[in-house]
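> return a 3D structure for these sequence lines:
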Amino acid sequence: MDQIDRLLVEETQGILDINWVTERIAVGGWVETDEKMRAAAKCGITHIIDMTWECDDTALAKPYGIEVLVNAVDDDFKPKPPEILEKGVEFALSALAKPDSKLLIHCVAGRHRGPMMALAVFCKLGWAMEDAMRRLSERRPVVDWAPVYVASVRDFLDNGRTSKGESVELSRSAAGPLPYGPDKMP
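Numbering: from 1, shown residues only. So this is what the prediction gives:
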């Protein structure tokens, strides 16, 4: 199903299958060709969280100076361990601490794994889960919130610890301007 969805989305959106959720954070489908990676670089993307096991973006991204975190998980509709989400959140926060960075979070079709990771990032940035889910769904209409993945994010958030055992204290300001924050929603 993901490959069919991915092909449909790519036909309607052109080369790069992404949607900007904020000025600095995008969610989308995979960037498995040089043409797509070049398009990502032209969009200003500086960091990628790659949630796929199907393709590793690292070699394609290197010539463009894009930093990649391969955070591969299977889209098997089974609970995801908090360590996977923690790893992605830490990478995202580090990337967003750089004022000119732009982050792409993706899986194959941008329906399940990528949005799950983006949800964890937005929640750690201070968004209420429902507001983050609504914003992600509005900005990327193909998102399909698998209940088990939402539960995985809830479990991760309930933990509230970093891998170093320190409390996580975050605010939306860690991502720079977030013009689509819950406080600015209609």
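
> and the most centrally placed residue in the chain, which of the three is it?
Among the residues of the chain, I105 comes closest to the average C-alpha position under CA atoms, centre = their mean, at 2.7 Å. Taking DSSP: H, G, I helix; E, B strand; the rest coil as the rule, one finds I105 in the strand state.

> so which bits of the helix ranked longest in the chain are buried?
Counting by DSSP state H, the longest helix found in the chain is helix 82-96. By neighbour count on 16 or more other CB atoms under 10 Å, the buried set for helix 82-96 is 82, 84-93, 95-96. Where you see a C-beta, it was placed from the backbone N, CA and C, and this is true even at glycine.

> just give the nearest non-adjacent residue to D56, would you?
Excluding the flanking residues, the one nearest D56 by CB to CB, 6 or more residues apart in numbering is V70, at 5.4 Å.

> and the one you found, what does it touch?
Residues near V70 by CB atoms under 8 Å, 6 or more residues apart in numbering: 50, 56-58.

> can you rerun that using 10 Å?
Contact partners of V70, counting by CB atoms under 10 Å, 6 or more residues apart in numbering, are 48-53, 55-58, 87.

> ok, A40 next?
Contacts for A40 (CB under 10 Å, 6+ apart) come out as 15-16, 18, 26, 28, 31, 46, 48, 57, 60-61, 64, 66, 102, 104, 106.

> by pLDDT, rank these and give me the bottom one.
Lowest pLDDT among the contacts of A40: I15, with 82.

> ok, that one touching E32?
No: I15 lies out of contact with E32 (CB atoms under 10 Å); the separation is 11.8 Å.

> which residue of those two possesses the greater neighbour count?
Neighbours were counted for I15 and for E32 using other CB atoms under 10 Å; E32 has more, 18 against 13.

> which residue packs closest to the more buried one, ignoring adjacent ones?
Nearest one to E32, counting by CB to CB, 6+ apart, is C55 at 4.3 Å.

> helix or strand for the one you found, which one?
C55 belongs to no helix or strand when elements are defined using DSSP states H and E.

> just the buried residues of helix 82-96 now: which is nearest G114?
Nearest to G114 out of the buried residues of helix 82-96 is G88 (CB to CB; 10.0 Å).

> who's in contact with that closest one?
With contact set as CB under 10 Å, 6+ apart, G88 has these partners: 49-51, 69, 71, 73, 105, 114, 116-118, 120-121, 124, 156.

> which parts of this protein are strands?
Using DSSP state E, the strands of the chain run over residues 18-20, 25-28, 47-50, 67-70, 103-106.

> now those in JSON lines, with distance to R134?
Listed next are the strands of the chain as JSON lines, based on distance: least, CB to CB, whole Å:
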{"stretch": "strand 18-20", "distance to R134": "14"}
{"stretch": "strand 25-28", "distance to R134": "14"}
{"stretch": "strand 47-50", "distance to R134": "21"}
{"stretch": "strand 67-70", "distance to R134": "26"}
{"stretch": "strand 103-106", "distance to R134": "17"}
